[in-house]
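Undergrad: sharing a model prediction with you, sequence too.
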Amino acid sequence: MTHSETDRERRGSAFLTGAKSRIGRMMVVAALAGIVPVSSDATQPRPVNHMVARKAIAAPSGAKALCVQHSWACARGGGAHLSERAAMKLAHKVNVSVNKKVRPISDRAQYGVDERWDLPTRRGGDCEDFALLKKKQLVEAGISPETLLIATVLDRNRGAHAVLVLRTSGGDYVLDNLGNRIKPWRDTGYSFIRMQDPNRPDRWVAVLAGGVFDA
């Protein structure tokens, strides 16, 4: 591990230890204590516009049964060979549509638990549910599932949040229920903690980039 990587993880640890959000408490154990090396394929350098997988990590607590409940959420391969322009156009349409139709509601209010990842109900859903529905609709529309990666982040207010990442040849773009505009990941101002592994969407990788990690 390089000196810069050590400093990066120390900054992440110091911030997350003091965070009051649920993701702060969760990441103290999961993001920093439960990390193991990823496969060689996942550690290959990527262009600067893509997030880099640093370490393998456990799935978020609410997503541990995700692959069993919804196989498409962790699928690999398939999908049409859409141009980047066509994929972005489709992603924008789905992002706006889901944001408009789904009512925000917390897992605590809906299920009586702090964390549950699932598709939105008639009552609505929280940020993870928005991301899952967008992924489902885009997979059904022909976009390869391994290019649609759910990520957990700290938002600009350092609160727990989740988004859907569309990986294209030109970079990683974020579909967010807090806004209809699809942005490059660095333009969100978010602190990216972990996301689905692009090589194995049934697994998760630590990112630790953007926001507080780049400060």
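TA: That came through, no problem.

Undergrad: buried residues of the host helix or strand of V96, list them for me.
TA: Secondary structure assigned from DSSP states H and E places V96 in helix 84-101. For helix 84-101, the buried set under the neighbour-count rule, 16 or more other C-beta atoms under 10 Å, comprises 87-88, 90-92, 94-95, 98-99. (Glycine included, C-beta is placed from N, CA and C.)

Undergrad: skipping adjacent residues, who's closest to the residue nearest the centre of the chain in space?
TA: The centroid of the chain falls nearest to A151 when counting by C-alpha atoms, centre = their mean (0.9 Å). Once flanking residues are discounted, A151 sits nearest to M195: 3.6 Å by C-beta to C-beta, 6 or more residues apart in numbering.

Undergrad: need the longest strand for the chain.
TA: Determined from DSSP state E, the single longest strand within the chain is strand 160-168.

Undergrad: just checking: what are the partner strands of that one?
TA: Sheet pairing of strand 160-168 (DSSP bridges) gives strand 148-154 (antiparallel), strand 171-176 (antiparallel).

Undergrad: what helices or strands is the helix holding V96 leaning on?
TA: With contacts defined as 3 or more C-beta pairs under 8 Å, 6 or more residues apart in numbering; DSSP states H and E, the packing partners of helix 84-101 are helix 127-140, strand 160-168, strand 171-176, strand 179-184.

Undergrad: orientation of it relative to strand 171-176 in degrees?
TA: 10 degrees (axes from the mean of the first three to the mean of the last three C-alpha atoms, to 10 degrees).

Undergrad: residues near M195, how many?
TA: M195: 26 surrounding residues under other C-beta atoms under 10 Å.

Undergrad: that one: what secondary structure?
TA: Following DSSP: H, G, I helix; E, B strand; the rest coil, the label given to M195 is strand.

Undergrad: hang on, the earlier thing: confirm for me that the residue nearest to the centre of the chain is in contact with D197.
TA: No - the criterion here is C-beta atoms under 8 Å, and A151 misses it with D197 at 11.2 Å.

Undergrad: okay, and the helix or strand of this protein with the least pLDDT?
TA: Lowest mean confidence among the helices and strands of the chain (mean pLDDT, DSSP states H and E): helix 22-30, at a mean of 40.
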